[in-house]
Every structure is written in C-alpha cells, then in structure tokens.
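# I'd like to go over a predicted model; first the sequence, then the structure.
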Amino acid sequence: MRVADGRITDGWIRALPVILGLCWTFGCSGPEAEPSRDARPNFQGITLTLGAVGDPEILAGITAQRGEWIASREGEIEIVDEPADPSEPSKAAEFDVLVFPGWALGNLIDRELLEEIPNSVVLPPQPAQDVEEDEEETGYQYEDLAPAFREQASKYGTERYALPLGGSALVLAYRRDALESEANLAAAEELGISLKPPATWEELDALAGFFQGRDWDGDGSPDFGLAAALGADDAEGVGNATFLARAASLGWHRDQYSFLFDSDDMAPRIDSPPFVEALKGIAGWKDLGPPGAETFDIAAARAAFREGKTALLIDRAEKAAEWSAGKLIGVAPLPGSARVYEPLRKIWTEDSSPNRPTHLPRGGGWLVGVRRGLETKKREAAFDLILYLTEADVANRIAAERIFPMLPVRARWMGRGLPDPASAPDVDPRLWSDAVSQSLLAERVLPGLRIPDANGYLADLAKGRVDAVSGGKAPEEALGEIAAAWTKRTQDHGPRRQLWHYRRSLNALATLPTPPPKGE
C-alpha cells in the first residue's frame, strides 16, 4: 500500500477485495472487543434470603425493586417478613442479606454476624486508557455517596460492614404564612424578633415564644408556637434525637471526637453541663406548644402542625408528606449554638459562627449487609445484590416508598427535591433540598449511638428525658440517673469491651483488631 499526499493509491484499492476475503476466511487480528457494559454475573440456582432487623416495613420498597435483579442475574430472593429482634438479633443469623438501622450495627458486629465488605466490591476498576474523560460514569459510583454515609455510618473503625440504603435527618418545618404575613412581620419587628429560620436554639425558642398564644394565621383564635416529640417516642426515637441534636451543638466540641462517653474510660458525659442546658431548653418547649405538648410523641406533634395549631415543627425530613393539609411549608436545617463546652478544660467557649454539627437519627440511617460465613458463590451473589439495592437509581426508588420513606444518601440526589414529590406538594422542594443537603453534607456529622445494646442506652435516656420534660424531676437529677443507668449497663456488658466498641464506632480512634473477651 502506498499513500501519497494523504491519498490512498489505486494499488491499495485493487487489493482491498483480496484482503477482505482473507479476513473473512481466516480472521484478522486486532484489538480484542471490550465486554459489554451491560454484562451481568449469573447466579442461576442460588437463592438469597433477605430480612430486616427492626421495622419490617422497610422491606416494601426492596420487594418492589427485586424483580430486575432476579431477571438479570437469574438468581432468586426470598424475603422474610418477620423481622429479627432489634435488641437481640439472633434471627439475623438466618438471613443471607440483612437490612438494619445503623444503631443495630454494634449488636451485629459484636455477634460476628456481618461480613466485611472489601474495597474491591465497591471501588470501580481503573478505566481503560482510551476512555474519554468526559464519558458518562457507570457502575456503583462509590465516591458519589455522601461522606457521612460512605466513611462513617457504613463503617465501624476502618472496616466497611454495610452499604447505605437510606438516611434520616431532623429539620425545622414552618408555616410560610406565619413567617411571611405582614401583620406578623410588623409585630415581630416591634419586639425585635426576626421572622426567619433561626441560626441558634435560643433564636428558635424566641421564635416559638412569639407565635405562642398569637393569632398568627388570622383565623380569629390564638394559636401555638412549636410542636416536637417531648413525650415517650419509642416508635421513631425523634424525641431522643431532638434532644441529642441540641446537646451536640452545645457539647460536641470541634476538637473532640467523642460525645456521649469519654473515649478513654467509657464514663458517661450525659450529666455534664451541655446536656443539662440542652434538656432545660427542651423542657421549656412544653410552654411553647398546645395543651398537653409535654406528652406528644412525634405522631401527635405532626398532627398538631398539620392541623394548623403550631407554626413550627421539628421532625425527620423524610416525613414531609405528613406535614401539610393545603398550606405552604418551608424547611430549614436545625439551629446551632454560639457557646460550646470544652470537656477537657470544663469551660464554655464562644465562636463567631454557631457550632452546627448534624446529629443523624437511627444511628446514621438504614444499611444493608451480608451475613458472615456464606460459601463463595453465594457471598458473591449477596455482594452483588447489596450493590444493586444501593446503586443510585434503585436506592432512590426504594427511598420514595411511601410506606417507609428515607432520604437519599448520594450527594447528587440530595438537591433534586423529595424522592416522591407528589407525596408532599405543599412543601417547598428547594427549601427541603437545601435543608437536607446542608444537614447531610455538613462539615461535621455525628451518627447516633451504634454500640452493642444501643437501644437499651437510648431507652434509659428516653425515661430520664420524659421525667424532666414532664416536670417530675429536675434536668440535673434526671440526667444523673441516666448516667448511673448507663454506667451499670456498661458494667454488665463489660467495660473494656464496650469501650472498644465505642471507640470503634467513632471511626477515628485507634483500637485493637479484635475486642476484649465478653464480660471484660
């Protein structure tokens, strides 16, 4: 073949039919064809048993989305509706794939029920050299997971034991007409109160106080300020989460990793000054809501807000569908604190900007993991299934399930509004997205307690919190009793072992590879 001035010569053209004939007959060597991007592993003959630790309603969304995995992998999924006991998840040993709230992670690891997920499962292979940089991303896209879920909620120490399925975050919902009406704006200006989402908890208290007893909706009858879960709230734990969110802004110092316990000796911090101040503030809310507000669980608080009795509500963002009955709703992240307690020096410090860490309820949301000890092919199928359930599109469809709504855990989905926009047409989608993004992508995020028996510790907290809010005990006395109950609970489990778990759960402190023996 000769090429002259960039042109193919006549000799090459005459030879082309012969060359093509030889290639047809014998084959021509060249670059090997790349496998299809849509290639999927085959798990024909394998059945995976999937179940939940805790609330079985989370399985509704998974049940609806399992068909594609079954069709493309030719495996089977058996979903068990009866959940494992959250406080004693022995039934979890019967599941191949486990769905669970973050607070159960310590229990499952303590019982050696979870398989560690290696990096090779979630991290993509290095791209080929000829792939264009701007080519659309494919695969699991591990880096798209928000850091709070990628590096904290799904890990225990440096090891990854689960993948994040959905999240939860507390936000402040408010009636827009209450904050925007001319009459309310004028009255607030006279009192020196700003009708805008508060930056600090003290500003929230003042805002709720302004609306308390005022006809802020113009219907001719006095209304109320704030609805929150102040009473027993075992079903969702929003009451404890609200208290811990306020306490975190006061007591989770920027120089500290630990919060609820001393990370050197497991001594409770729950009776220290920031928790006392937080509980005093929350106990005062019973005078800023409707009659009987001190007994409200979160369902009663939502009902009061939805019925137009209060201007403000603290709730889980994913529950937005239960907020409105025809009135426009705004959403904001929870406030912070200008004062922060430094536990080592036992002093209060002040900053120019509020300390505003995010406390994640439910131990950081909902996770999905693989039971330890599966045979090789079944373990491969289980890893593939949890990747499928937590990939962006599938996880977002599961999060949109109205029976069990969750927040997205991927950064790119957080700015797109509610997973099911039709479920809450009165909620401002931009404000909702901003509040969720600011909460879940905050610089400092604190997943809720995840050590063994986390639910027991939280039950102790709930009892003392309710005693203080109801007026039965002073906050200092109630918190002292909680600290004593926590100390006993730690002793019963073994203080050295619980300390190992607590340090491990912080994802930031050095620990030995294995915990001390049980009971130590």
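All right, it came through fine. Residues are numbered from 1 along each chain as shown.

# Got the confidence number for E34?
In this model, E34 is scored at 33, pLDDT.

# So what does V97 have for phi and psi?
The phi/psi pair for V97 (degrees, to the nearest 10) reads phi -130, psi 130.

# can you check the one 4 residues further on too?
Reported as degrees, to the nearest 10, the phi and psi values for P101 are phi -70, psi 150.

# G51 now?
phi -150, psi 170.

# which ones are touching it?
Residues near G51 by Cβ atoms under 8 Å, 6 or more residues apart in numbering: 59, 79-80, 82-84, 91-92, 94-95, 97-99. All C-beta atoms are positioned from the backbone trio N, CA, C, and that covers glycine.

# Then L512?
W500.

# just to revisit the earlier point, I'd like to know which of the contacts of G51 are buried.
Among the contacts of G51, the ones that count as buried by 16 or more other Cβ atoms under 10 Å are L59, I79, P83, A84, A92, F95, V97, L98, V99.

# Reformat these as TSV; add distance to R444 and secondary structure.
Below are the buried ones among the contacts of G51 laid out as TSV (distance: Cβ to Cβ, whole Å; DSSP: H, G, I helix; E, B strand; the rest coil):
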residue	distance to R444	secondary structure
L59	33	helix
I79	37	strand
P83	32	coil
A84	32	strand
A92	31	helix
F95	34	coil
V97	32	strand
L98	29	strand
V99	27	strand
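
# ok, so of these, who is nearest R416?
V99 (23.8 Å; Cβ to Cβ).

# buried residues in the helix of greatest length in the chain?
The residue-count maximum for a helix in the chain (DSSP state H) belongs to helix 475-493. When burial is assessed from 16+ other Cβ under 10 Å, helix 475-493 yields the following buried residues: P475, A478, L479, G480, E481, I482, A483, A485, W486, R489, T490, H493.

# cool, and stretch 218-231?
For stretch 218-231, by 16+ other Cβ under 10 Å, it's D223, F224, G225, L226, A227, A228, A229, L230, G231.

# for stretch 227-244, same thing?
Neighbour-count burial for stretch 227-244, with 16+ other Cβ under 10 Å as criterion, is recorded at 227-233, 236-244.

# Can you tell me which of those residues end up in strands?
Residues of the buried residues of stretch 227-244 located in strands (DSSP state E): A227.

# Please name whichever of the buried residues of stretch 227-244 scores lowest on pLDDT.
Least confident of the buried residues of stretch 227-244 in the model: D233, at 89.

# and the closest residue to that residue other than its chain neighbours, how far is that from K377?
Among residues not flanking D233 along the chain, G239 sits closest, at 3.8 Å (Cβ to Cβ, 6 or more residues apart in numbering). G239 sits 46 Å away from K377, going by Cβ to Cβ, to the nearest Å.

# element containing P425, please.
For P425, there is no host helix or strand (DSSP states H and E).

# Make JSON lines from the buried ones among the contacts of G51 and add distance to P515 to it.
As requested, these are exported to JSON lines (distance: Cβ to Cβ, whole Å):
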{"residue": "L59", "distance to P515": "31"}
{"residue": "I79", "distance to P515": "32"}
{"residue": "P83", "distance to P515": "26"}
{"residue": "A84", "distance to P515": "22"}
{"residue": "A92", "distance to P515": "19"}
{"residue": "F95", "distance to P515": "23"}
{"residue": "V97", "distance to P515": "25"}
{"residue": "L98", "distance to P515": "20"}
{"residue": "V99", "distance to P515": "25"}
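
# and these as a markdown table, adding pLDDT?
Output for these, formatted as a markdown table (pLDDT from 0 to 100):
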| residue | pLDDT |
| --- | --- |
| L59 | 94 |
| I79 | 95 |
| P83 | 82 |
| A84 | 81 |
| A92 | 79 |
| F95 | 93 |
| V97 | 96 |
| L98 | 95 |
| V99 | 96 |
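
# now, which of these sits nearest D110?
Nearest to D110 among those, counting by Cβ to Cβ, is A92 at 11.8 Å.

# ok, of the buried residues of helix 475-493, which one's closest to L105?
H493 (15.5 Å).

# mind listing what that closest one touches?
The contact partners of H493, by Cβ under 8 Å, 6+ apart, come to P452, D453, K518, G519.

# and what of G166?
E318, G365, W366, A395, I398, A399, M406, L407, P408, V409 are the contacts of G166 under Cβ under 8 Å, 6+ apart.

# For it, which three-state class applies?
strand (DSSP: H, G, I helix; E, B strand; the rest coil).

# which helices and strands does the helix or strand encompassing L204 pack with?
For L204, the host element (DSSP H and E) is helix 201-211. Here helix 201-211 touches helix 182-191, strand 224-227, strand 310-316, going by 3 or more Cβ pairs under 8 Å, 6 or more residues apart in numbering; DSSP states H and E.

# How is this structure partitioned into domains?
47-124+139-166+366-405, 170-361+452-491 (automatic domain parsing).

# and A325, that's in a helix?
No. If the criterion is three-state DSSP, then A325 is coil and not within a helix.

# Which residues are in contact with the closest residue to it other than its chain neighbours?
Closest residue to A325 apart from its sequence neighbours, by Cβ to Cβ, 6+ apart: R306 at 5.4 Å. Residues near R306 by Cβ under 8 Å, 6+ apart: E322, W323, S324, A325.

# And for W413?
Per Cβ under 8 Å, 6+ apart, neighbours of W413: A392, N396, P419.

# do R444 as well
Counting by Cβ under 8 Å, 6+ apart, R444 touches W252, R254, P357, T358.

# where does the protein dip in pLDDT?
Applying pLDDT under 70 to the chain flags the ranges 1-39, 86-89, 124-139.

# Where is the longest strand in it?
Using DSSP E, we find that the single longest strand of the chain is strand 347-355.

# Which of the helices or strands spans L389?
helix 376-390.

# So which other helices or strands are in contact with that helix?
Applying 3+ Cβ pairs under 8 Å, 6+ apart, one finds that helix 376-390 contacts strand 47-52, helix 59-73, strand 97-101, helix 119-122, strand 163-166, strand 366-370, helix 392-399.

# Next, the contact list for A206, please.
A206 neighbours (Cβ under 8 Å, 6+ apart): I193, P198.

# Distance check, it against S505.
Distance from A206 to S505, counting by Cβ to Cβ: 36 Å.

# What of G464?
Using Cβ to Cβ, which is the criterion applied here, G464 is 22 Å from S505.

# try G471
Here the distance between G471 and S505 works out to 34 Å (Cβ to Cβ).

# For these two, indicate the residue with more neighbours.
S505 (28 against 10; other Cβ atoms under 10 Å).

# Surely that one is in contact with G106?
Yes. Taking contacts as Cβ atoms under 8 Å, S505 lies within contact range of G106: 6.2 Å.

# what's the overlap in contacts for the two?
Y156, R450, I451.

# give me every residue that touches the residue nearest to the spatial centre of the chain.
Nearest to the geometric centre of the chain sits G167, at 2.9 Å (Cα atoms, centre = their mean). Contacts of G167 were listed using Cβ under 8 Å, 6+ apart, and they are 146, 148-149, 153, 318, 360, 364-366, 406-409, 440.

# Mind checking which of those land in strands?
Counted as lying in strands by DSSP E, out of the contacts of G167, are L360, W366.

# Adding neighbour count and distance to I347, write the contacts of G167 out as JSON lines.
Shown next, in JSON lines, are the contacts of G167 (neighbours: other Cβ atoms under 10 Å; distance: Cβ to Cβ, whole Å):
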{"residue": "A146", "neighbour count": "24", "distance to I347": "33"}
{"residue": "A148", "neighbour count": "25", "distance to I347": "29"}
{"residue": "F149", "neighbour count": "30", "distance to I347": "34"}
{"residue": "A153", "neighbour count": "30", "distance to I347": "32"}
{"residue": "E318", "neighbour count": "25", "distance to I347": "38"}
{"residue": "L360", "neighbour count": "27", "distance to I347": "28"}
{"residue": "G364", "neighbour count": "28", "distance to I347": "30"}
{"residue": "G365", "neighbour count": "26", "distance to I347": "34"}
{"residue": "W366", "neighbour count": "29", "distance to I347": "38"}
{"residue": "M406", "neighbour count": "25", "distance to I347": "40"}
{"residue": "L407", "neighbour count": "24", "distance to I347": "36"}
{"residue": "P408", "neighbour count": "28", "distance to I347": "40"}
{"residue": "V409", "neighbour count": "30", "distance to I347": "37"}
{"residue": "L440", "neighbour count": "26", "distance to I347": "31"}
